[in-house]
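In: need a 3D model of the following:
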Amino acid sequence: MLERITPGIDKFYIAYGRTDMRMGINGLINKIQSEFKLNPYERSAFLFCGILRNRIKILLWDGDGFLLMYKRVEKGTFKWPRSSSEAKEITLQQLELLLKGAEIEIKNPIEKVNLRSVTLSDAELDELLA
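Out: This is a model prediction of the structure:
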């Protein structure tokens, strides 16, 4: 499916939360502009998921009109983030994982450490830099 939508697409946005899947092109454009404050005419694909999580819609501008794609999986559900009602940019790799049923949200990410704020002994520092 991705090979049909990725050529010419610079960004992918996922609409967190639930979307009324009865919305058509005009309703989704309005949601993109009013709720997310994004431009639906840029080279971006916008992904939406309903309450059942077995259906998604992908809306994109293809240069001369909008293209609305609809996918329904017969078994299983998409691991759609429900945490808020905002649009977040995702990578192509995250999109591929999402469409395969994997989660894209990291629950407990490992934080990066600023070495200047960590107090190390000379031996520990030498070992770290070796």
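In: I'd like the mean pLDDT over the helix or strand hosting residue 126, please.
Out: Under the criterion of DSSP states H and E, residue 126 resides in helix 122-129. Across helix 122-129, the average pLDDT comes to 74.
In: just the C-alpha atoms of that helix, please, in CSV.
Out: This file holds the C-alpha atoms of helix 122-129, laid out as CSV (Å, rounded to 0.1, in the frame of the first residue of the first chain):
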residue,chain,number,x,y,z
ASP,A,122,39.1,9.7,36.2
ALA,A,123,39.1,5.9,35.8
GLU,A,124,35.4,5.8,34.8
LEU,A,125,36.0,8.7,32.4
ASP,A,126,39.0,7.0,30.8
GLU,A,127,37.0,3.8,30.4
LEU,A,128,34.1,5.6,28.8
LEU,A,129,36.2,7.5,26.3
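In: just use 529 as the starting number from now, easier for me
Out: All set: I'll call the first residue 529, so the last point we hit is now helix 650-657.
In: what's around the residue lying closest to residue 595 once chain neighbours are set aside, how many residues?
Out: Excluding the flanking residues, the one nearest residue 595 by Cβ to Cβ, 6 or more residues apart in numbering is residue 588, at 5.4 Å. For every residue, glycine as well, the C-beta is placed using N, CA and C. Using other Cβ atoms under 10 Å, the number of residues around residue 588 comes to 21.
In: and the next helix or strand past the lowest-mean-pLDDT helix or strand in the chain?
Out: In the chain, the helix or strand scored least confidently by mean pLDDT, DSSP states H and E is helix 530-533, which has a mean of 61. Per DSSP H and E, helix 530-533 leads on to strand 539-543 as the next helix or strand towards the C-terminus.
In: what's the mean pLDDT across the longest helix anywhere in the chain?
Out: Across the chain, the helix with the greatest residue count (assigned by DSSP state H) is helix 553-562. For helix 553-562, the mean pLDDT works out to 95.
In: and the next helix or strand along the chain from it, what other elements does it pack with?
Out: Moving toward the C-terminus from helix 553-562, the next helix or strand (DSSP H and E) is strand 572-577. Of the remaining helices and strands, those touching strand 572-577 by 3 or more Cβ pairs under 8 Å, 6 or more residues apart in numbering; DSSP states H and E are strand 539-543, helix 553-562, strand 583-589.
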